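A.B. asks: give me coordinates for this.
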Amino acid sequence: MSSRSMRAGAIALAAVMMSSMVACSGPSASEKASASFHNSVSAARDALFEEAKVTNQGFFDLDESLGLAGGVTELPAEMDQYVMGNARGYVENLLQMVHRDHERTAPNTKAILIGPKVYDGPAVSTLTEAHSRAEIVTEQCIDARTSPRLDAQGNPIEDSNNIVHEIFFLDHDKDGKLKIFETASGRVESCPLAA
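C.D. replies: Numbering: from 1, shown residues only. Next up, the predicted model:
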């Protein structure tokens, strides 16, 4: 073997070793920074979702108790830790109507909360502004099939024992709490979250 071919072989071997060292050295600084950024975003999103779950559960529990009590003439201050804006108005109007019409949720019953989860469905076309403002959008179902609303005579109100799919738009209020500021909802045959 000539020295020239030995030298060429040594150069080829060195090139293979160098490329192996680069491949084994792990991710580059930019890859590490990108992964770190992704992990930070993911952690922040997870924390925001956990905060949204607390808001959704608190709202659900308080709303259920107010329904059992027969509604309200004025929304209690406690509700302000969960809702604001349009959502607050919707909740207040519904609970005032329940009170005015002497309705209530059937005693010793409670609807079932299914979810929430982060909403990743299509944008609600009538709420494009809410989509752009929301820090997070969640969805959930309320299964009230065993918890109907009763009229003034104590009879179940038709179609009050159903499943409702809700989309909540949440944002932080000036007091720093994550609150529901807008909603979209509708009756469904089965909850899309249960599938």
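
A.B. asks: now do the SS call for the most centrally placed residue in the chain.
C.D. replies: Nearest residue to the geometric centre of the chain (Cα atoms, centre = their mean): residue 138, 2.5 Å. For residue 138, the assignment made with DSSP: H, G, I helix; E, B strand; the rest coil gives strand.

A.B. asks: which residue comes closest to it once chain neighbours are left out?
C.D. replies: In this structure, residue 138 finds its nearest non-sequential neighbour in residue 116, 4.1 Å apart by Cβ to Cβ, 6 or more residues apart in numbering. No exception for glycine: its C-beta is placed from N, CA and C like everyone else's.

A.B. asks: quick check, the one you found in a helix?
C.D. replies: No - judged by three-state DSSP, residue 116 forms no part of a helix; its state is strand.

A.B. asks: do you know how far it is from residue 193?
C.D. replies: According to Cβ to Cβ, to the nearest Å, residue 116 and residue 193 sit 8 Å apart.

A.B. asks: need the overlap of contacts for the two.
C.D. replies: 139, 140 (Cβ atoms under 8 Å, 6 or more residues apart in numbering).

A.B. asks: and residue 65, how far is that from residue 110?
C.D. replies: According to Cβ to Cβ, residue 65 stands 9 Å off from residue 110.
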